[in-house]
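# need coordinates for the following:
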Amino acid sequence: MNIWFKILFLSILDKEIRSSLAWPALNFWPLAPSRQPHDTFDLSDGGGRDPRVLNFFPVPVEEECLSEDKRRVGICMNTYECRIQQGKSHGPCALGFGVCCIFTTSCGEEVQNNLTYVTNPGFPNLVDQSMNCSLTVKKIDPQVSQLRIDFLHFNIGQPNRRTGICDTDLMEIRTGVRSLNLCGWNSGQHVYVDVDDGPITLDFRLPSSLESKMWEMRITQVGFEQRAPAGCLQYHDSPKGFLRTLNYLPNGRYLADQDHLLCVRQERGMCSIAYAPCSPESFRIGPPRLIRPTSNAAAGSQSAGEDQLQGVHQEGSGTGDPIFYGTAPRCRDRVLIPCDFEEFITPGNDGAGICDLEHCGNSLCNPGELDADGNCRVETSATPFHIRVAFGPGEDNGSSSEDNVGMCLSYEQLPCGP
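Numbering: from 1, shown residues only. This is a model prediction of the structure:
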């Protein structure tokens with residue numbers, strides 16, 4: 001309903017109420033019992049039908065709104081509904097007919113609204129002690145099929161620097177469909193997780209007291225029509241932006257045991273997409289495909305190195321060996337970018353006209369893929385637009401910490417040609 005029509009309707013309604021309230025003073029019918037200030041008026045049509053309920057804000061707007069400080073997003077509703085749902089009003093909305101209601105929860109509580117903020121106890125203060133924290137999410141509607149969790153602030157203990165396993169601090173998201181383990185620094189990231197009719201829990205297990213911790217997450221319940229595509233842990237809806245692996249930091253370590261898609265919604269009129277490293281040091285995913293990251297390899301003979309280049313698997317050479325499929329070695333931890341033509345998907349080859357599906361090591365591009373200025377840029381017209389992150393189980397890959405930082409890529413959708 002148009003907002004101006006609402007204002008006109010409420011103005012007329014106000015006059016009708018004033019005139020109707022004047023009748024009892026003339027004793028045309030008995031006075032109704034006294035009411036509390038927040039009660040509504042019951043008007044009966046005298047025909048034996050159920051009384052109607054009159055409310056000056058009869059239908060909650062139920063649209064998103066910004067709080068007064070512009071920091072959080074809330075739901076526009078009337079003051080009474082906000083209060084009974086245990087929210088807090090943060091400024092007016094709907095031309096002053098409603099309030100921007102913000103919902104927050106913390107440890108031991110339950111998420112019961114479409115849009116709720118989950119914070120650590122005492123937020124924005126840091127947690128500097130070991131603790132366990134658990135909360136549950138209640139679906140507001142059977143049609144809810146996903147949760148979107150935005151990590152506005154998320155900083156708990158880092159994973160093991162050698163293996164990538166969250167072996168100290170850990171947050172586990174359990175939805176009945178799958179579980180997702182996170183740790184480290186993920187501020188600014190988001191994830192989509194599928195849900196069913198089972199319980200949905202967020203468990204923090206934080207045994208370490210050596211590192212301060214803080215989190216503020218926004219949980220949005222997503223209906224089936226608005227859900228992210230299947231398999232997409234992240235879904236970006238802008239024509240350009242950034243893709244990062246979880247716990248991406250210049251001195252961080254990517255998380256082990258990850259297999260998911262980073263997806264980008266294809267915009268109208270866009271037929272391809274280009275990826276480039278955010279900086280020269282922003283692609284560090286394990287050892288390169290054809291280099292054995294062990295001390296034996298470093299001191300090995302030249303013939304051994306030549307054997308690797310030819311795809312000969314050296315048995316028993318220890319952790320960090322490249323994985324071989326036929327004659328083409330593959331990365332143990334890798335990022336996969338779809339190729340334009342499936343018949344050219346042949347991992348490990350970098351000859352002319354051959355698509356290099358897999359990417360690992362310290363460069364997104366092979367030497368032959370750099371432009372005239374030496375910049376790395378990977379373009380593809382394969383749709384839907386996505387990158388697959390495939391990191392194996394937590395193992396020491398034998399490389400230095402600087403080689404396991406993870407990935408930050410900028411992306412830009414490109415218009416269709418003439």
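# only C-alpha atoms for contact and neighbour calcs from this point on.
OK.
# which parts of the chain belong to which domain?
64-101, 105-227, 276-415 (automatic domain parsing).
# what comes up buried for the first one?
Of the residues in domain 64-101, those buried by neighbour count under the rule 16 or more other C-alpha atoms under 10 Å are 65-67, 73-79, 82, 87-94, 97-101.
# and the residue most central in space within the chain, what is it in contact with?
Note on the chain: the residue nearest the mean C-alpha position is His190, at 1.8 Å, using C-alpha atoms, centre = their mean. By C-alpha atoms under 8 Å, 6 or more residues apart in numbering, His190 lies in contact with Arg148, Ile149, Asp150, Phe151, Gln234.
# what's the nearest residue to it if we skip its chain neighbours?
Closest residue to His190 apart from its sequence neighbours, by C-alpha to C-alpha, 6 or more residues apart in numbering: Asp150 at 4.3 Å.
# hey, which helix or strand in the protein has the poorest pLDDT?
Sorted by mean pLDDT, DSSP states H and E, the helices and strands of the chain end with helix 302-309, the least confident at a mean of 36.
# need the pLDDT of the closest residue to Cys278 other than its chain neighbours.
If the residues on either side of it in the chain are set aside, Cys278 comes closest to Leu409, at 5.1 Å by C-alpha to C-alpha, 6+ apart. We have a pLDDT of 97 for Leu409.
# and Leu409, that's in a strand?
Yes - remark: Leu409 belongs to a strand, assigned using DSSP: H, G, I helix; E, B strand; the rest coil.
# burial of Phe224, as a residue count?
12 (other C-alpha atoms under 10 Å).
# next one, pLDDT for Pro60 please.
So, for Pro60, pLDDT stands at 51.
# show me the shaky parts of the stretch 151-300 of the chain.
290-300 (pLDDT under 70).
# ok, which stretches of it are strands?
Assigned by DSSP state E, counting those that start in this stretch, the strands in the stretch 151-300 of the chain fall at 170-174, 179-182, 190-194, 200-206, 214-223, 232-236, 240-244, 258-264, 270-277, 283-284.
# deepest of those, which one?
Across the strands of the stretch 151-300 of the chain, the average number of neighbours (mean count of other C-alpha atoms under 10 Å) peaks for strand 283-284, which reaches a mean of 24.
# packing partners for that strand?
strand 406-415 (3 or more C-alpha pairs under 8 Å, 6 or more residues apart in numbering; DSSP states H and E).
# what's in contact with the strand it packs on?
239-249, 252-254, 266-267, 269-278, 282-285.
# that strand vs strand 270-277, what angle?
150 degrees (axes from the mean of the first three to the mean of the last three C-alpha atoms, to 10 degrees).
# tell me which residues in strand 406-415 are buried?
Gly406, Met407, Cys408, Leu409, Ser410, Tyr411, Glu412, Gln413, Leu414.
# turn those into CSV, columns for distance to Arg377.
Below are the buried residues of strand 406-415 laid out as CSV (distance: C-alpha to C-alpha, whole Å):
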residue, distance to Arg377
Gly406, 18
Met407, 14
Cys408, 13
Leu409, 10
Ser410, 10
Tyr411, 10
Glu412, 11
Gln413, 13
Leu414, 13
